[in-house]
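Colleague: structure for the following, please:
(chains A and B)
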Protein chains: 2
Amino acid sequence: MQRNQDLDKDKFQRRALQVKEAQARVTKYAKLLDAEFVPLSQSCGRYLVETVIAPHPFPAFNRSGMDGYALIAADIEGCSSDNIIWLQVVDNIPCGAVPSVEIRTGTSARIMTGAQVPGGADTVVMLEVTETRETDGITYVGIRKAQAAGRNITPLGFELGPDEPVLAAGTLISAGDIAVLAAFGVHTVKVHRRPKIGIFATGTELLEVHEPLQPGKIRNSNSPMLEALVREAGGEPVMLGAIVDDLELARSKVQMAMETYDFVITTGGVSVGDYDVMGDLVREQSTEMLFNKVTMRPGSVTTAAVRGGKLLLALSGNPGACFVGFHLFARPVIGLMQGSLYPYLPEWTATLGEDYSKVNNYTRFVRARLEIRGGALFAYPASIDESSVMVTIKDSNCLIIVPPEQRGLTAGAKVTVIKLPGEIEG
Amino acid sequence: MQRNQDLDKDKFQRRALQVKEAQARVTKYAKLLDAEFVPLSQSCGRYLVETVIAPHPFPAFNRSGMDGYALIAADIEGCSSDNIIWLQVVDNIPCGAVPSVEIRTGTSARIMTGAQVPGGADTVVMLEVTETRETDGITYVGIRKAQAAGRNITPLGFELGPDEPVLAAGTLISAGDIAVLAAFGVHTVKVHRRPKIGIFATGTELLEVHEPLQPGKIRNSNSPMLEALVREAGGEPVMLGAIVDDLELARSKVQMAMETYDFVITTGGVSVGDYDVMGDLVREQSTEMLFNKVTMRPGSVTTAAVRGGKLLLALSGNPGACFVGFHLFARPVIGLMQGSLYPYLPEWTATLGEDYSKVNNYTRFVRARLEIRGGALFAYPASIDESSVMVTIKDSNCLIIVPPEQRGLTAGAKVTVIKLPGEIEG
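Modeller: Model prediction:
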């Protein structure tokens, strides 16, 4: 047991970092990835490399907001039901057409919603309040109510002037952004490449998801979860299977992965036991350890290292700790690699919905359910609150940050929560 | 103009429905789609067909929560720094192993986090507070501090008992759900097929996104936006291009699409102008019109029809109205077709961040920015509030519902907002 005791002694003396300091150490190595071009239809969920500048005003012409008649407001001043003013209809302008004549006093043009308002006209009267008559082959439109100049017309450049910024660099492209890019003719979009992220699990206890249960063993649930979390964050997961608890094999596999992929995430093998290969691996000379202990629960043994400029994040094998560790450390890295303006999950204030009695000398990230009622936020801690517990992950949409050395929190207390990705439903 | 005047008369007499009634009319035709099996790794964002029941307890054995020694709590009662109690170490249980012997009084087993606690043991003492010695080839562990039975052990079935529901039918599968499904060996997941949704734009004014701008014309921004919105809602968009304003051609194209796809969405061609082919099409005998006017702004001309049991939703060509109409009418249909438990977007109460003076006889859905500060929600209307305006779509994460016939709203008023999909950032 001599070797183990020496190793253990070293392991026990880990220097614990605060979460913010640990985040700063890993995000420092989140290298911005290259740009690539993707078709507009594939750009949703990607991050813009460069600010998009409007190549032309929008709208690019004075646009009719109504189906009706384009005319000169001054021509219909004083009209009423008793004094219908009739204007000659000199043009018919469907959408996409160019007006054929200027509107002069006494004339008007039939116009469609979205069509270009003819020169001379300064207002559009909606079709529903007009009537028409034909005399000697000439059509006239009758107007019963005056309206102001400018009405129902969106002037050229009203939405955006030329050379105005449309979308800022670092924008996460949404469906609404796609509409705007399309309107300006951006059919291929310059985005940051998605990081390729190698994912390993360690542990001889792990069965594949499809394997039948065996005594003492568990199925590997962390790898599929990390795969989904990486995708949700915009990364491209590469599943590298399980590493058995063999330091030599682990070393070569992890080294190869770090040479091949942008970022490597492992789960398991970081606590103080005999078989914790990841912990041993990051203590090696060729690898710069960034931290191997964080003042947080769950996941205090979360470990990060750098080798050849590439990050290795070794998350705890405890499902709850793996989940929390991903959101605190991996997600910001994946966002920053793509130039995200908001790499960290939002932190909100909420009212604690029920007592939370657990105390700890480390900051606790308690899985919880966030509810929005009456314009206010309420957070309810998961009924089972243990780092090893997995089932509560599925019911959590936020993490309550419980600072250390408190005497428990009572219902009604203000707490800070980290909003987890996804919609708040129900 | 005779034909047009008759048609117009008919068009003007549209009976307007309230939004809720219009929603009820379309969602009635949202047929639940067939089930299909997808690999677990592809199941994120899909909806479960059946409730998943735990096939075994979880954990399936008494699980150690620590690296340390499994022993009998009663054996170390009364120990202290001055009275270290030494227990013989009779087993070494790594993760995934089966204990080889029962723990009897005076013995213990070295055990790893996550390993199966041996029979007889009722507590696990963490490695960091133990010491070991070897005498005559026999290893002993020394304990200085007593601890209660049950400590650091997660009992069999603690997270979920056998036959308990794991995830309910209709659950939208998240990364956390993937972990739980994996733990229970669900490697293929029974989900509802994604609806295939045909998307048309109408309008002779439309240019393709890659085309250079031409006088009087605009690029088709609604189709790419709808494509992204359909995908975001879990549907599979099928882009069918633009329909020119020709009733015969439109009829055959739309009919073919309704026979081929689960749901057809069009944009444009629903207002009261001469060229509004969709409006004319849904007035035909073979088609049952559900509504062609809704008491809402923007998008009062939103039209829905059924033919052969298939839904046609004809959204306004105005980008803002198209966006709002999609969220109010198309998104719930797409969710319901997949069995979603929450097909409607959440409605929250928020405090209006600034005055909103526009009044209307219809309910207004005002694009707005939702902010969360100090545990409360604030909504800020977009600076330009016109239905035809497109650029504000990109900056909106909620819609403020402004009821009709109000005298404007002042900052500080409580309003109801519809939360749009996506994270609240910034």
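
Colleague: could I get the full set of helices for the stretch 1-150 of chain A?
Modeller: If DSSP state H, counting those that start in this stretch is used as the criterion, the helices of the stretch 1-150 of chain A fall at A:2-12, A:19-27.

Colleague: tell me the contacts of the residue of the stretch 151-300 of chain A found nearest chain B?
Modeller: Nearest residue of the stretch 151-300 of chain A to chain B: A:E205, at 2.9 Å (CB to the nearest CB). For the C-beta atoms, the positions are set from N, CA and C on the backbone; glycine is no exception. By CB atoms under 8 Å, 6 or more residues apart in numbering or on different chains, the contact set of A:E205 is A:G216, A:K217, A:I218, B:P94, B:C95, B:G96, B:A97, B:G114, B:A115.

Colleague: show me the residues you listed that map onto strands.
Modeller: Counting by DSSP state E, the part of the contacts of A:E205 found in strands is A:I218.

Colleague: so which of the contacts of A:E205 is the closest to B:S387?
Modeller: Checking the contacts of A:E205 against B:S387 by CB to CB gives A:I218 as the nearest, at 55.2 Å.

Colleague: what's the burial count for the closest one?
Modeller: A:I218 has 26 neighbouring residues, counting by other CB atoms under 10 Å in any protein chain shown.

Colleague: quick one: it from A:L207, how far?
Modeller: According to CB to CB, to the nearest Å, A:I218 and A:L207 sit 7 Å apart.

Colleague: do A:A242 as well
Modeller: Distance from A:A242 to A:L207, counting by CB to CB: 9 Å.

Colleague: of the contacts of A:E205, which is the most crowded?
Modeller: Ranked by neighbour count (other CB under 10 Å), those have B:A115 at the top, with 30 neighbours.

Colleague: I'd like the distance between that residue and B:A182.
Modeller: Distance, B:A115 to B:A182, using CB to CB: 20 Å.

Colleague: likewise for A:T107?
Modeller: 72 Å.

Colleague: okay, those two: which has more neighbours?
Modeller: B:A182 (27 against 23).

Colleague: next, the more buried one: secondary structure please.
Modeller: State at B:A182, reduced to three classes by DSSP: H, G, I helix; E, B strand; the rest coil: helix.

Colleague: who are the contact partners of it?
Modeller: Contacts of B:A182 by CB under 8 Å, 6+ apart are A:V209, A:R219, A:N220, A:S221, A:S223, A:P224, A:M225, B:L40.

Colleague: apply 6 Å and report the result again.
Modeller: With contact set as CB atoms under 6 Å, 6 or more residues apart in numbering or on different chains, B:A182 has these partners: A:V209, A:R219, A:S221, A:P224.

Colleague: tell me the contacts of the spatially closest residue to it that is not a sequence neighbour?
Modeller: Using CB to CB, 6 or more residues apart in numbering or on different chains and skipping the chain neighbours, the partner closest in space to B:A182 is A:S221 (3.9 Å). Going by CB under 6 Å, 6+ apart, A:S221 touches A:P319, B:A179, B:A182, B:A183.

Colleague: buried members of these into ChimeraX, please.
Modeller: Entered in ChimeraX, the line below selects the buried ones among the contacts of A:S221, by 16 or more other CB atoms under 10 Å in any protein chain shown:
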select /A:319 /B:179,182,183
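
Colleague: of the contacts of A:S221, closest to A:A74?
Modeller: Set against A:A74, the nearest of the contacts of A:S221 by CB to CB is B:A179 (70.0 Å).

Colleague: the residue lying closest to A:S357 once chain neighbours are set aside and B:F184: what is the separation?
Modeller: Residue nearest to A:S357 in three dimensions, not counting chain neighbours: A:G408, with 4.2 Å by CB to CB, 6+ apart. Relative to B:F184, A:G408 is positioned 34 Å away (CB to CB).

Colleague: these two - which one has more neighbours?
Modeller: In terms of neighbours (other CB under 10 Å), B:F184 is the more surrounded of A:G408 and B:F184; the figures are 21 against 11.

Colleague: can you give me the distance of that one to chain A?
Modeller: 8 Å (CB to the nearest CB, to the nearest Å).

Colleague: how many other residues sit next to the closest residue to A:T392 other than its chain neighbours?
Modeller: Closest residue to A:T392 apart from its sequence neighbours, by CB to CB, 6+ apart: A:A382 at 3.8 Å. For A:A382, the tally of surrounding residues (other CB under 10 Å) stands at 19.

Colleague: and A:G412, by the same measure?
Modeller: A:G412 has 11 neighbouring residues, counting by other CB under 10 Å.
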